[in-house]
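J.: show me how the following folds:
(2 chains)
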Amino acid sequence: ETGVTQTPRHLVMGMTNKKSLKCEQHLGHNAMYWYKQSAKKPLELMFVYNFKEQTENNSVPSRFSPECPNSSHLFLHLHTLQPEDSALYLCASSGAGATYEQYFGPGTRLTVT
Amino acid sequence: AQSVTQLGSHVSVSEGALVLLRCNYSSSVPPYLFWYVQYPNQGLQLLLKYTSAATLVKGINGFEAEFKKSETSFHLTKPSAHMSDAAEYFCAVSDKQAAGNKLTFGGGTRVLVKP
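T.: Sure, this is the predicted structure:
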């Protein structure tokens, strides 16, 4: 595998379920990100990790819980979600500096029923 | 706080015509700027970036953008549209003062190419 991979690509879950999204990057980057992309809304940064440490939490509800066990892997644990949480969740990675572009995975399309 | 405004959420162009996508930014420090493209059911892909070198930046697929400090703009152009350019395009500004690379994205412009 090359680049940034995300699994699963599609997920349907009930409001009482617990699920996790997985992201893996094969680029040797030190920064990883979770974004939420909803219809008719700008891309929203959720979390930023640098060298496995969380450096940004953009006022995300606690029903979203990120985990970064190492610089190559990033998880987003989901529990008791709401229908408005249905969206495309994108993971990205980059070098640790402002000039470095972010590389995005294909996203997980989440539907909360 | 930084912000990005993309004028026009939808743009329709004829195949072979000029593509012009507008991006204006607000930043308290000289910015780093990026253009990304998103094809259906895919993540974002970098088209080009400006990081304080040449103000005219060339990217992939024939796209280029010009950084104009006086106008706080970073418009994206392509001289001749191709059907494969149909996608959504995002302008983004980097927060150089944040740890890592925090990007603020514009709302996106969806491009439709007519044959």
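J.: what sits against the residue in chain A positioned nearest to chain B?
T.: Of all residues in chain A, A:Phe104 sits closest to chain B, at 3.4 Å by Cβ to the nearest Cβ. Backbone N, C-alpha and C define where each C-beta goes, glycine included. Residues in contact with A:Phe104 (Cβ atoms under 8 Å, 6 or more residues apart in numbering or on different chains) are A:Val4, A:Leu90, A:Cys91, A:Ala92, B:Tyr36, B:Gly43, B:Leu44, B:Gln45.
J.: any part of stretch A:55-68 near chain B?
T.: Yes - using Cβ under 8 Å from any Cβ of the partner chain, we find that stretch A:55-68 touches chain B at A:Thr55, A:Glu56.
J.: which residues are in contact with that stretch?
T.: With Cβ under 8 Å, 6+ apart as the criterion, stretch A:55-68 contacts A:32, A:34, A:44-49, A:52-54, A:74-82, A:85, B:98-100, B:102.
J.: how far does it stretch from start to finish?
T.: Distance between the two ends of stretch A:55-68: 12 Å, counting by Cα to Cα, to the nearest Å.
J.: next one: it to chain centre, how far?
T.: The chain centre lies 9 Å from the centre of stretch A:55-68; the measure is Cα atoms, centre = their mean, to the nearest Å.
J.: and what of stretch B:14-27?
T.: Worked out by Cα atoms, centre = their mean, stretch B:14-27 lies 7 Å from the chain centre.
J.: list phi and psi for the closest residue to A:Pro8 other than its chain neighbours.
T.: Spatially, and ignoring its direct neighbours in sequence, A:Pro8 is nearest to A:Thr108 (6.0 Å; Cβ to Cβ, 6 or more residues apart in numbering or on different chains). A:Thr108 adopts backbone torsions of phi -120, psi 120, taken as degrees, to the nearest 10.
J.: how many other residues sit next to A:Thr108?
T.: The number of residues packed near A:Thr108 is 21, by other Cβ atoms under 10 Å in any protein chain shown.
J.: the lowest-mean-pLDDT helix or strand in chain B - contacts with which helices or strands?
T.: The weakest-scoring helix or strand in chain B, judged by mean pLDDT, DSSP states H and E, is strand B:102-105 (a mean of 88). With contacts taken as 3 or more Cβ pairs under 8 Å, 6 or more residues apart in numbering or on different chains; DSSP states H and E, strand B:102-105 sits against strand A:44-50, strand B:3-7, strand B:87-95.
J.: what angle do the second one and strand B:87-95 make?
T.: When you say that, I think you mean strand B:3-7. Relative orientation of strand B:3-7 versus strand B:87-95 (axes from the mean of the first three to the mean of the last three Cα atoms, to 10 degrees): 150 degrees.
J.: which residues sit against strand B:3-7?
T.: Residues outside strand B:3-7 that contact it (Cβ under 8 Å, 6+ apart): B:21-26, B:89-93, B:104-109.
J.: direction included, what does the following helix or strand past that strand pair up with?
T.: Next helix or strand after strand B:3-7 toward the C-terminus (DSSP states H and E): strand B:10-14. Under the criterion DSSP bridges, strand B:10-14 sits next to strand B:109-114 (parallel) in its sheet.
J.: up against chain B, what does chain A have?
T.: For chain A, the residues in contact with chain B (Cβ under 8 Å from any Cβ) are A:4, A:31, A:41-43, A:45, A:48-50, A:55-56, A:90, A:92, A:94-107.
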